[in-house]
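Undergrad: show me the folded form of this:
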Amino acid sequence: MAWIPALIVLVPMFGIVVALGAGDADTRAVLVHMLDTVLPEYALNSLRISLAVSGGVLVMGVGTAWLVVHYAFPGRRVLEWALILPLAMPAYVTAYAYTDFLQFAGPVQSALRRALAVDRVTWFPEIRSWYGAAWVFAGAFYPYVYLLARTAFAEHSQRFFEAARTLGCTPLQAFFRVALPLARPALVAGIALVLMETLADYGAVAYFGVPTFTTGIYRAWLSMGDRVAAAQLSACLLFAVLLLLMAEARSRTRLRYYGAPGRALTTSRRTTLRGWRGVLAAAGCALPLIVGFALPAIIMLRLAVSELDQVPWPRYGEWVYNTVRLAAVAAVVACAFAIVLGYAQRLAPGRITRIAVRLVGVGYAIPGAVIALGILTPVLHLDTWMGNVLGANGLVLAGTGGVLIYAYLVRFLPAALQSVDAGFARIAPNLDASARSLGVGGWSMLRRVHLPLLRGSVLTAALLVFVDVMKELPATLALRPFNMDTLAVVTSHLAADERLAEAAVPALTLVLVGLLPVLVLARAIARRA
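TA: The predicted structure is shown next:
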């Protein structure tokens, strides 16, 4: 039963793989031309951005997690949950904010020119560069590493660190020799998530004018007009992401660290930092939060207030309606698929079901541009068949809202499935046995027993998918119906036209909606603490 929804979700991946054997002389000419001219630059930019982002999120995520878990300092209680707020800020919105703030005509360079009495500050770094993109991604994605590192540090027994100290290790030596090796599986998983998000991004790098592999796919598709060549480039990116997933899974398989049972780390066990040390620790934890959330939010709010009368409010209502409608439908469909897959895994937890569920989880790691091309390949073939056999005129499926919902399902079903699976895990197996003894089984047991108990998990899954769909940009740009704009698409278009003040209101709307699941997670962190 699990294979049916799994195959539906995996069709775009099959479409990308099939495209490897397609194409003609023109497709080969396009690929050869790109390989001789621009593809090496695309690959180099993607590689150096990924390396820089990995280093940045490690420093910010691991450092802040270690401080909030093992030390007490002013503001720690607030910073412990506030450090995840950048998850609510789309990376492309952060890129728009920093461009307005740091560009030549922005307030920072203008103030420097006035203070130094010069016409141009030549030494000021250019924000629209690969290192500017790495700065934005590091500030936006470090919470992935922070959350996993914080959990790993909090779950380790205090006895490990006490033993290291009694053996003569300083706190810094204990951190590098004990804490980091124990947290290594969690850190590898966090870095893998960050790299997948970095490779999947299109809005920020396109706005910065930094050509990466993802922007190269769009250029082959839209600028050179060769969809097959773009699909073949997408296959290369797809295989790179799959290799990344395999490396992450292999690292978790081979690296096993078990915490010895012992005292949990409580507030009284934390080292209290006073004076300048406490101020320095608070500043070190606040800096990533300022870079990734507070400063971009303030910049966009200033832009929105400065030209609030320029916002076309009737059209803004239409943008919100389109966005909410697509996100709501996608959330319902994703939750339905997640419930079916989770229930199948509970009824028949065999190897085939486990493989099907694991394959479905790959979709979250696939860039939206790749999913869009993978969907268009079979959809256009199906439209051609319907035109030849059924006599249909024009495109029947391509360019419809249903295809866009399908892309959202492929991309974000893993987020819903994770929440629903966690809900099923909390339902005791003896409830199933009791239901069967009363004559209730199959789908009736799902409806009468499991669904009422899964209500909270399903609502959480729907909220996660809803917010992810609202912020999604590449697949929406490629597959949306004609003349249908969402908040993300409008924000991208206005920013591309350098109308950042007009883009600020839809961008802030996305941020405010994105805060909902982040605040739920923050509340859970505060409650556990």
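Undergrad: hey, let's count contacts and neighbours off CA atoms from now on
TA: Will do.
Undergrad: quick one: low-confidence ranges for the chain?
TA: 1-2, 156-159, 248-268, 365, 390-394, 528-529 (pLDDT under 70).
Undergrad: dump the C-alpha coordinates for stretch 324-331 into CSV.
TA: Provided in CSV are the C-alpha atoms of stretch 324-331 (Å, rounded to 0.1, in the frame of the first residue of the first chain):
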residue,chain,number,x,y,z
VAL,A,324,-3.1,31.0,1.2
ARG,A,325,-5.2,29.0,-1.2
LEU,A,326,-2.3,27.1,-2.7
ALA,A,327,-0.6,26.6,0.7
ALA,A,328,-3.9,25.3,2.3
VAL,A,329,-4.6,22.8,-0.5
ALA,A,330,-1.0,21.6,-0.5
ALA,A,331,-1.1,21.2,3.3
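Undergrad: okay, buried residues for that stretch please.
TA: V324, L326, A327, A328, V329, A330, A331 (16 or more other C-alpha atoms under 10 Å).
Undergrad: how far off centre is that stretch?
TA: Relative to its parent chain, stretch 324-331 has a centroid offset of 18 Å by C-alpha atoms, centre = their mean, to the nearest Å.
Undergrad: equivalent analysis for stretch 331-351, please.
TA: 22 Å.
Undergrad: columns distance to A524 and secondary structure on top of the buried residues of stretch 324-331, output as CSV?
TA: What follows is the buried residues of stretch 324-331, written out as CSV (distance: C-alpha to C-alpha, whole Å; DSSP: H, G, I helix; E, B strand; the rest coil):
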residue, distance to A524, secondary structure
V324, 26, helix
L326, 28, helix
A327, 24, helix
A328, 24, helix
V329, 27, helix
A330, 26, helix
A331, 22, helix
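Undergrad: okay, now G55: neighbour count?
TA: Using other C-alpha atoms under 10 Å, G55 has 14 other residues around it.
Undergrad: how near is it to L409?
TA: 32 Å (C-alpha to C-alpha, to the nearest Å).
Undergrad: give the buried residues for the helix or strand containing S457.
TA: Here S457 sits within helix 455-471, counting by DSSP states H and E. For helix 455-471, burial by neighbour count (16+ other C-alpha under 10 Å) applies to 457-471.
Undergrad: among those residues, which pair sits farthest apart?
TA: Comparing every pair within the buried residues of helix 455-471 by C-alpha to C-alpha identifies S457 and K471 as the most remote, at 21.6 Å.
Undergrad: measure the residue nearest to the spatial centre of the chain to L417 for me?
TA: Centroid-nearest residue in the chain, with C-alpha atoms, centre = their mean: E197, separated by 5.0 Å. E197 is 19 Å from L417, where distance means C-alpha to C-alpha.
Undergrad: for L289, same thing?
TA: Following C-alpha to C-alpha, the distance that separates L289 from L417 is 29 Å.
Undergrad: who has more neighbours out of the two?
TA: Set L289 next to L417 and count neighbours by other C-alpha under 10 Å: L417 wins out with 26 against 23.
Undergrad: that one: what's its closest spatial neighbour, skipping adjacent residues?
TA: Of all residues not flanking L417 in the chain, A338 sits nearest, at 4.6 Å (C-alpha to C-alpha, 6 or more residues apart in numbering).
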